[in-house]
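Q: here is my input, please return the structure:
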Amino acid sequence: MALIRRRKPIEPSKTPVLREEGEEEEEEEEDNSKNKHVKKSYKKSKPKWTCLDNCCWFVGCICVTWWVLLFLYNVMPASLPQYVTEAITGPLPDPPGVKLRKEGLKAKHPVVFVPGIVTGGLELWEGHQCADGLFRKRLWGGAFGEVYKRPLCWVEHMSLDNETGLDPPGIRVRPVCGLVAADYFAPGYFVWAVLIANLARIGYEEKTMYMASYDWRLSFQNTEVRDQSLSRIKSNIELMVATNGGNKAVIIPHSMGALYFLHFMKWVEAPAPMGGGGGPDWCAKHIKAVMNIGGPFLGVPKAVSGLFSAEAKDIAVARAIAPGVLDKDLFGFQTLQHIMRMSRTWDSTMSMIPKGGATIWGDLDWSPEEGYIPIKRKQKNTDTQKTSQDGPERKISEIRRANYGRIISFGKDVAEALSSDIERIDFRDAVKGQSIANTSCRDVWTEYHDMGFGGIKAVAEYKVYTAGSILDLLHFVAPKMMERGSAHFSYGIADDLDDPKYQHYKYWSNPLETKLPNAPEMEVFSLYGVGIPTERSYVYKLSPSAECAIPFQIDSSADEQFEDSCLKGGVYTVDGDETVPVLSSGFMCAKGWRGKTRFNPSGSQMHIREYNHSPPTNLLEGRGTQSGAHVDIMGNFALIEDIMRVAAGATGEELGGDQVYSDIFKWSEKIHLQL
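A: Numbers count the residues shown, from 1 in each chain. Now for the predicted structure:
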C-alpha cells in the first residue's frame, strides 16, 4: 500500500507573499529613502570640530613631539652629541672639573648656593579639595604637570594672601630642600646642576655643598617669620665652617638671591628679635667670598613692566604673533589677568623695582647709557678706565637718540620727543572711577578694576615715567600690592647711613641704603653676562578693550628700521644678560662699593668678572658653554672655573682681577653719587 505523505501546513507568518515587480521596486525605493534619512540624521548628530578641539590637538601634538624627541635624545649613545659637535667645531675643551682636577685642585672652602626668583622648587603640604593627590608634589619646578591639568587650582595654590603676603587659609606651599631644590628647573633644563657636577670632580659632596632654598615668593623677612629660612642658612654655614677645619664659606647667590643674601648679611649681624644676633663680626668669621651671579642689585626695569601689565618683551612678541589670544577667555582662563593676580601677591617681585631713582637710572633728558650703540665686542677691556667699544667710530646722529631714562612712555613719539614738548597731566590726584569690569570678568579681579576709565585715562595722559615717578605709578595702579611692599622694601638713596631708621629690615636689601658688613678680608664678586640686548625701557599704549583685559600693553608695533637700533617691538634695550642690565649688575662693584666708601666702610675687595655671550654653534651643544644669558650662564665654563678656583682657595687677584667687556666703568662715572 502506497504511503501518503501529508504536507505540513504553512504558518501564516511564514507564508511567502507574491509581489509584482512594480511593488518590489517601490519597497526598495522606500528602504533607500529611509537609509538616506538615517544617514542624514547621523551626520547631523555628529559633533562639530571646534576651536577648542584644534587647540587641544595642537597642545597634544607639541607634548607628544617633545616627549618623542626627549626619548630619542635619551636613547642615543652618550658620545654621539660630542662626536657630531667635535666633527663640526673641533675637539671640545675639558669641563672645568676635569681640567682643575688635572691641575691638582681640591675642595677646600664649603660652598653655599642661594637660588634666585622662580628657579627654586615649591611643593604642596596642604591644599584645598581641588588639589587632592598632590601632597608633596611640586607645584613649581619639575614637569609642571598641574599647570595644564588644573590651571585655576594651580593659580589658587601658588598665590599668597593679598593682605598679609603669607599663606592663604588652608594652603601651605613650601620650598623643596636639598641640592635637588634648584639643580634642574624642569627635566633637561639645568640651573645649578652643571656647577654642582664640576665641583664634585674636585672632591665636593653634599656635606660641603648647601642649597639655601627658600620660598622665593615671600618678602625676605617673611621667609624668616614663616619658615626660619635665614636662621637655617646661618646654622648651616656655621656647621659647615666648623666641620671643615675652620675654612670660611664661599657664597654663590644667583639673580634675586644676591639681594636675598645682602639682606641676610645685615640680618645675621643685627640683634634679635629683628635680626639673627650673630654680632658685628659674624660675616668676617664665616665668609671668604660672595660671588654674585647676575645680581640685580639696583633692580630691573623688567620688574616694572611685569607689575604694571604682566608682560615683558617675550609676552609682547607673543601678542603680536597671535593678537588677542592672551587677552581672551581661552579655555575659561584669562591668562594674563590670572598671571597678574597671582604675581602681585608675590612680595619678592617688589625687591627688583629699580632703586636709586633718577640719580642712577636717569630722567627725561639723561641716562648713564646715553649714546649706547650695540656692537659686537671681541676683546676684553682690562683697563677699567677705558670703554670697551673701541671698534670703528660711529656717528650717534645716524641713529635716533634713545631716552633710556623714560622707563615707560605712552607712544613712540613721546619716547623720542624733547621733554619741553611733552604736555602732561598729573595722575597722582586723579579721581578713580567705578569698576569698568562687567560681571562676566569680575572673577579675575585685578586692582585695575577699581580704577575706572578716569584713572586709566589719567595714567596714559601723564605720558612718560622715569625711575623717579615709577613708584608713584605703581602705588596708583596697585595700591594693595605696594602697601605690602613698602613695609618690606625701600628704593631710595641714604643721606646718612648712621641714621637709626636704617636699622629696619626694609632697607637691608637696598645697597644704596645699607652698609656691607665689617669684613675687610671678605671679597665680593659681580659675575654676569654681557653682549645680549636687555630690556631697559618701554613704549606703551592703551589696550583696545579694557573691560576684561589689562588696560595697558607694550606697543609691539613701535620699531626702528636701523640695524643698530635699540628699539625693537616696543622695547628699548641696552647691554646686559637678557634680564639684568649691566648698570644694575655692575655699578656697586665698579663704583658704589669699590674702595672704602660709606657703603663699604671696611674696604672689602671688589671684582667684576664679565662673560661675553657666545651662543652655541649647533643644537647638539645644548645651551652652550660660553653663554652669557641670565640662567644659561650657570653652564658657562669660564664662570664655573672662576668659582671653583675661589672655592679651592684662590683670591680675586689670582683670577686676574677685573674682566670687563662692557662700558660699566664709563657709565658709572656719569652717576654722581655721594660716596
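Q: per-residue confidence at Cys56?
A: pLDDT, Cys56: 66.
Q: all numbers from here: first residue = 309
A: Right, with 309 as the first residue, what we last looked at is Cys364.
Q: show me where the stretch 409-558 of the chain has strands.
A: Counting by DSSP state E, counting those that start in this stretch, residue ranges of the strands within the stretch 409-558 of the chain are 419-422, 430-434, 446-448, 480-483, 492-494, 497-498, 517-519, 557-561.
Q: as CSV, these with mean neighbour count, mean pLDDT and distance to Ile840 would be great.
A: Every residue, glycine included, has its C-beta placed from N, CA and C. Below are those laid out as CSV (neighbours: other CB atoms under 10 Å; pLDDT from 0 to 100; distance: least, CB to CB, whole Å):
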stretch, mean neighbour count, mean pLDDT, distance to Ile840
strand 419-422, 25, 98, 23
strand 430-434, 18, 95, 28
strand 446-448, 21, 91, 26
strand 480-483, 20, 97, 29
strand 492-494, 17, 89, 19
strand 497-498, 17, 91, 18
strand 517-519, 22, 97, 27
strand 557-561, 26, 98, 21
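Q: can I get these in CSV including distance to Asn470?
A: Below are the strands of the stretch 409-558 of the chain laid out as CSV (distance: least, CB to CB, whole Å):
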stretch, distance to Asn470
strand 419-422, 27
strand 430-434, 18
strand 446-448, 19
strand 480-483, 16
strand 492-494, 27
strand 497-498, 31
strand 517-519, 30
strand 557-561, 28
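Q: determine which of those approaches Thr643 most closely.
A: strand 446-448 (17.4 Å; CB to CB).
Q: does anything pack onto the closest one? Which helices or strands?
A: strand 430-434, helix 459-466 (3 or more CB pairs under 8 Å, 6 or more residues apart in numbering; DSSP states H and E).
Q: export the ones you listed as a markdown table, with columns for distance to Asp673.
A: Conversion of these to a markdown table gives the following (distance: least, CB to CB, whole Å):
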| stretch | distance to Asp673 |
| --- | --- |
| strand 430-434 | 44 |
| helix 459-466 | 42 |
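Q: nearest to Cys369, out of the ones you listed?
A: Between these, helix 459-466 lies closest to Cys369; by CB to CB that is 19.4 Å.
Q: and Lys593, how many neighbours?
A: By the criterion of other CB atoms under 10 Å, Lys593 has 13 neighbours.
Q: need the contact list for it.
A: For Lys593, the contact set (CB atoms under 8 Å, 6 or more residues apart in numbering) comprises Val549, Lys556.
Q: helix, strand or coil for it?
A: Secondary structure, DSSP: H, G, I helix; E, B strand; the rest coil: Lys593 is helix.
Q: in the stretch 659-808 of the chain, where is pLDDT below threshold?
A: 683-708, 741-754 (pLDDT under 70).
Q: sorry, back to before: out of the helices and strands packed on strand 446-448, which gets nearest to Thr925?
A: Using CB to CB, the nearest of these to Thr925 is strand 430-434, at 35.5 Å.
Q: adjacent strands (with direction) for the closest one?
A: Taking DSSP bridges as the criterion, strand 430-434 pairs within the sheet with strand 446-448 (antiparallel), strand 480-483 (antiparallel).
Q: which outside residues touch stretch 569-578?
A: With CB under 8 Å, 6+ apart, stretch 569-578 has contacts from 422, 528-529, 532, 538, 541-542, 559, 561, 582-588, 590-591, 595, 598, 600, 605, 811, 813, 816-817, 819, 822, 824-825.
Q: name only those of these that count as buried.
A: Buried by 16 or more other CB atoms under 10 Å: 422, 528-529, 532, 538, 541-542, 559, 561, 583-584, 586, 590-591, 595, 598, 600, 605, 813, 816-817, 819, 822, 824-825, out of these.
Q: please flag which of those sit within helices.
A: Phe528, Gln529, Glu532, Leu538, Ile541, Lys542, Trp590, Cys591 (DSSP state H).
Q: now render these as JSON lines, adding distance to Phe945.
A: Output for these, formatted as JSON lines (distance: CB to CB, whole Å):
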{"residue": "Phe528", "distance to Phe945": "32"}
{"residue": "Gln529", "distance to Phe945": "37"}
{"residue": "Glu532", "distance to Phe945": "36"}
{"residue": "Leu538", "distance to Phe945": "33"}
{"residue": "Ile541", "distance to Phe945": "28"}
{"residue": "Lys542", "distance to Phe945": "33"}
{"residue": "Trp590", "distance to Phe945": "34"}
{"residue": "Cys591", "distance to Phe945": "30"}
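Q: now Leu468: how far from Ile370?
A: 31 Å (CB to CB, to the nearest Å).
Q: go on, Gly511?
A: Computed as CB to CB, the Gly511 to Ile370 distance reads 42 Å.
Q: of these two, which one has the most company?
A: Legend: neighbour count by other CB under 10 Å for Gly511 and Ile370, higher for Gly511 (14 against 10).
Q: wait, what's in contact with Ala738?
A: Gly762, Gly763, Ala766, Phe784.
Q: stretch 793-807 spans what distance, first to last residue?
A: Distance between the two ends of stretch 793-807: 22 Å, counting by CA to CA, to the nearest Å.
Q: no wait, stretch 484-502
A: OK, stretch 484-502 end separation, CA to CA: 19 Å.
Q: got it, and stretch 451-464?
A: Stretch 451-464 end-to-end distance (CA to CA) = 19 Å.
Q: for that stretch, buried residues please.
A: Glu454, Cys461, Trp462, Val463, Glu464.
Q: name the nearest of those relative to Asp780.
A: For these, the nearest to Asp780 is Val463 (29.1 Å; CB to CB).
Q: which element follows the longest strand that the chain contains toward the C-terminus?
A: In the chain, assigned by DSSP state E, the strand with the most residues is strand 840-850. Past strand 840-850, further along toward the C-terminus, the next helix or strand under DSSP states H and E is strand 860-862.
Q: not counting its own residues, what contacts the following helix or strand past that following strand?
A: Using DSSP H and E, the helix or strand that follows strand 860-862 towards the C-terminus is strand 875-876. Strand 875-876 has contacts (CB under 8 Å, 6+ apart) with Arg708, Ala710, Lys720, Ala723, Pro841, Val847, Ala866, Asp867, Glu868, Thr881.
Q: try it again at 7 Å.
A: With contact meaning CB atoms under 7 Å, 6 or more residues apart in numbering, strand 875-876 is reached by Ala710, Ala866, Asp867, Glu868.
Q: could you turn the buried ones of those residues into a PyMOL selection?
A: A single PyMOL command selects the buried members of the contacts of strand 875-876 (16+ other CB under 10 Å):
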select buried, resi 710+866+868
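Q: what's the farthest-apart pair in the contacts of strand 875-876?
A: Ala710 and Asp867 (13.1 Å).
Q: strands along the stretch 609-758 of the chain, start to end?
A: Assigned by DSSP E, counting those that start in this stretch, the strands in the stretch 609-758 of the chain fall at 637-638, 641-642, 716-718.
Q: each with direction, which strands does the last one pair with?
A: Yep, that's strand 716-718 we're talking about. Strand pairing for strand 716-718, determined by DSSP bridges: strand 772-773 (antiparallel), strand 840-850 (parallel).
Q: need those strands in a markdown table with distance to Glu962 and mean neighbour count, can you?
A: Shown next, in a markdown table, are these (distance: least, CB to CB, whole Å; neighbours: other CB atoms under 10 Å):
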| stretch | distance to Glu962 | mean neighbour count |
| --- | --- | --- |
| strand 772-773 | 45 | 24 |
| strand 840-850 | 29 | 24 |
